[in-house]
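K.L.:
With the sequence up front, the predicted model follows.
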Amino acid sequence: MAVQGIQNTAPSHPDLAGKVVVITGGSRGIGAETARAFARQGAAVAAIGRDAAALTAVAAELRGLGGAGALGLVADCTDPVALAGAAERIERELGPVDVLAAFVGGDGYPVPTARETAEHWRSVVDGNLTATFLTVQAFLPGLLERGSGSVVTMASTAGRLPGGSSAAYAAAKAGVLMFTRHLALEAAGQGVRVNAIAPGAVRTERTATLMTPEVQAAVAAAHPLGRLGEPEDIASATLFLASDASSWITGQTLDVSGGRVIV
């Protein structure tokens, strides 16, 4: 369904055709839509997640979108052994990786700090920050060896502004932002660019289920552009950061948030 402010087709980035792209958190939501966007550009796409049935469906869809190949791989991004296995299979079946979109994460819903548990804190930090680190660690050596490539990490406005998320989620996403900047400086001399996307509230399958229409309207009103984000918004920004159109950009955070960070 078309949404005001979103084009029906993503911008064209011909240089992405034939590139090998890895997307974690790729079974649904932002990750799955980003996988579709890359496939439409002619890239070979590997979607990584934990839901085998959803990944099978995504991979089948990608194969029909004109890409150079598709894989749906089950792996827990907090498990370095599982990630190493996924990386080995992707290189064997699709080829050396050119683009890594480390998008796994979530669980940003409010938890008052006074009632936060150590178990939940660790789960959120591991699922967002540690998983990003481990994902990058699994694929970065190949990018550095080849002296080219782009890494895009998934942050959040929660890592930019105090707001409605839990402190654990905010701290994890702020950590992703600094990790991204640190990594960008390390990798710049070896031809690898590293940038972050910080979305505001995005209408995914999960948020549409958990947020009533009234809550969605209230959250949309908190964004100066007056609407929730859509997965397509994030996918288009990712294409830009992965493409030659951003070839002189690294270490940056692209706020795709409907202006949320300016209020």
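P.N.:
Thanks, I have it.
K.L.:
Give me the buried positions along the one helix or strand residue 169 maps to.
P.N.:
According to DSSP states H and E, residue 169 maps onto helix 167-187. Using 16 or more other CB atoms under 10 Å as the test for burial, helix 167-187 gives 167-177, 179-181, 183-184, 187. For every residue, glycine as well, the C-beta is placed using N, CA and C.
K.L.:
One more: stretch 106-117?
P.N.:
For stretch 106-117, the neighbour count (16+ other CB under 10 Å) marks 106, 108, 111 as buried.
K.L.:
end to end, how far does that stretch reach?
P.N.:
The first residue of stretch 106-117 is 17 Å away from its last residue (CA to CA, to the nearest Å).
K.L.:
Let me see the ranges of the strands in the chain.
P.N.:
20-24, 44-49, 69-74, 99-102, 149-154, 192-199, 253-256 (DSSP state E).
K.L.:
So for residue 162, which of those strands sits nearest?
P.N.:
Of all the strands of the chain, strand 192-199 sits nearest to residue 162, with 14.1 Å by CB to CB.
K.L.:
how much does that closest one deviate in direction from helix 167-187?
P.N.:
Interaxial angle of strand 192-199 relative to helix 167-187 (axes from the mean of the first three to the mean of the last three CA atoms, to 10 degrees): 160 degrees.
K.L.:
who does strand 192-199 touch, helix- and strand-wise?
P.N.:
helix 131-146, strand 149-154, helix 167-187, helix 231-242, strand 253-256 (3 or more CB pairs under 8 Å, 6 or more residues apart in numbering; DSSP states H and E).
K.L.:
hmm, try it at 10 Å
P.N.:
helix 29-40, strand 99-102, helix 131-146, strand 149-154, helix 167-187, helix 231-242, strand 253-256 (3 or more CB pairs under 10 Å, 6 or more residues apart in numbering; DSSP states H and E).
K.L.:
From the chain's centre, how far out is it? Work that out for me.
P.N.:
9 Å (CA atoms, centre = their mean, to the nearest Å).
K.L.:
and stretch 239-254, average pLDDT?
P.N.:
Mean pLDDT, stretch 239-254: 98.
K.L.:
Quick one: residues contacting the closest residue to residue 204 other than its chain neighbours.
P.N.:
Closest residue to residue 204 apart from its sequence neighbours, by CB to CB, 6 or more residues apart in numbering: residue 29 at 3.8 Å. By CB atoms under 10 Å, 6 or more residues apart in numbering, the residues touching residue 29 are 49, 54, 103, 106, 202, 203, 204, 205, 206, 207, 231, 234.
K.L.:
isn't the fourth one right up against residue 199?
P.N.:
No - using CB atoms under 10 Å, residue 106 is not in contact with residue 199; the gap is 11.7 Å.
K.L.:
tell me, what's touching these two both at once?
P.N.:
With CB under 10 Å, 6+ apart as the test, residue 106 and residue 199 both reach 30, 154, 156.
K.L.:
Tell me the spacing between the residue nearest to residue 204 and residue 121.
P.N.:
Distance from residue 29 to residue 121, counting by CB to CB, to the nearest Å: 23 Å.
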